[in-house]
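Visitor: Got a sequence here, can you model it:
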Amino acid sequence: MPDITNVQVQINTAAPGYSPLETEQRITFAVETAMAGLPGLKQTRSLSRSGLSRSR
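Guide: Numbering: from 1, shown residues only. Coordinates of the predicted model:
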C-alpha cells in the first residue's frame, strides 16, 4: 500500500509582548505570504494570539 497521508508543516513563532493585531501584521501575514508561492500548497491556516503566531 502506498502512503497516502498528506504532508503538513506547522510554523510556531513566539512574539513576546505583541498583541494579537501586532502578531498578525508583523509575523503571521509575512509567513502566509512566503508560503503562498510553495508548489503543491492546497491550504493555509493561521492563528494569531498575544505573543504567538501559528501557521500551517
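Visitor: C-alpha only now, for contacts and for neighbours.
Guide: Fine.
Visitor: Outside of the helix ranked longest in the chain itself, list whatever touches it.
Guide: Across the chain, the helix with the greatest residue count (assigned by DSSP state H) is helix 29-35. The contact list for helix 29-35, computed with CA atoms under 8 Å, 6 or more residues apart in numbering, reads 44, 46, 55.
Visitor: Can you tell me how far the second one is from P2?
Guide: Translated: S46. In this structure, S46 lies at 30 Å from P2, with CA to CA, to the nearest Å as the measure.
Visitor: swap in the last one?
Guide: From S55 over to P2 the distance is 28 Å, taken as CA to CA.
Visitor: who's more crowded, those two?
Guide: In this comparison of S55 against P2, neighbours counted by other CA atoms under 10 Å, the higher total goes to S55 at 19 against 4.
Visitor: tell me the contacts of the residue nearest to the more buried one when sequence neighbours are not counted?
Guide: By the measure of CA to CA, 6 or more residues apart in numbering, the closest residue to S55 outside its immediate chain neighbours is S46, 4.2 Å from it. Each residue near S46 by CA under 8 Å, 6+ apart is listed here: 28, 32, 53-56.
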